[in-house]
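Here is a sequence with its predicted model. Questions after.
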Amino acid sequence: MSEDFLEVICTTLCPTLSRAQAGALLALTEPVGIAAGENLFREGEPGKGLFFFVAGQVEIVQQRRDGSPQSVGIIKAPSLLGEISLVMDGPHTATARAQSHCELRFLPKEQFHRRIESSDMAAHRLAPGIAVIIARRLLRLNETLLDLAASGDVTPRIEEIARLKQKIFSEWSF
């Protein structure tokens, strides 16, 4: 693992981790490379763990109610992927499709949970970093919804948006 990426983890992705803690977590990971056009994971598949996204770009796609795919956004490295299925212990909520060759480091869910159960400080300090990533994505969603509402394009969907907002805030415990 490059020293540069270790620095990115400590300063950008998970500033709650010390350099030694980030190194200890990364030592538990496996390198993963995927080619452009391949899926890293698919919506509905069981979550297997957390991906430290080192290099590349992925498109996040979710299925609409009618089954058609909808692009939700583009995520560029550095970032984390698979965080929702890791912390909620459920299936992936979206498909992550590589738009370019991607390099990642994979932390298996079982490894993470074992570290949490053994009171490993690095695993516990990773959790706030994950929360920040999720919060940033939620803020982007709010901005998008506000932009749509301001443009007037969503008038017939106001009730649907209100239900989405209610669902987000009622299902998440703080």
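Yes, it's here. Numbers count the residues shown, from 1 in each chain.

So which helix or strand of the chain has the lowest pLDDT on average?
One helix or strand of the chain scores below all others by mean pLDDT, DSSP states H and E: helix 158-171, with a mean of 59.

Near Ala35, how many other residues are there?
Neighbours of Ala35 under the rule other C-beta atoms under 10 Å: 10. Backbone N, C-alpha and C define where each C-beta goes, glycine included.

Thr29: what's it in contact with?
By C-beta atoms under 8 Å, 6 or more residues apart in numbering, the contact list for Thr29 reads Met1, Phe52, Arg105, Phe106, Leu107.

ah, wrong one, I meant Val132
Val132 makes contact with Cys14 under the criterion C-beta under 8 Å, 6+ apart.

if I look at it, how far off is Leu13?
8 Å (C-beta to C-beta, to the nearest Å).

in stretch 47-60, what's buried?
Neighbour-count burial for stretch 47-60 flags 47-54, 56-60 (criterion: 16 or more other C-beta atoms under 10 Å).

Give me the distance between the two termini of it.
15 Å (C-alpha to C-alpha, to the nearest Å).

Report the mean confidence score over that stretch.
Stretch 47-60 shows a mean pLDDT of 92.

Please apply the same query to stretch 140-154.
Stretch 140-154 carries an average pLDDT of 72.

Show me what counts as buried in that stretch.
The neighbour-count check on stretch 140-154 (16+ other C-beta under 10 Å) flags nothing as buried.

Repeat that for stretch 11-20.
Leu13, Cys14, Thr16, Leu17.

Out of those residues, flag the one nearest to Ala127.
The closest of the buried residues of stretch 11-20 to Ala127 turns out to be Thr16 (C-beta to C-beta; 8.3 Å).

Just give me the neighbour total for Ala98.
Other residues within reach of Ala98 by the criterion other C-beta under 10 Å amount to 19.

Please consider this matter closed, and thank you.
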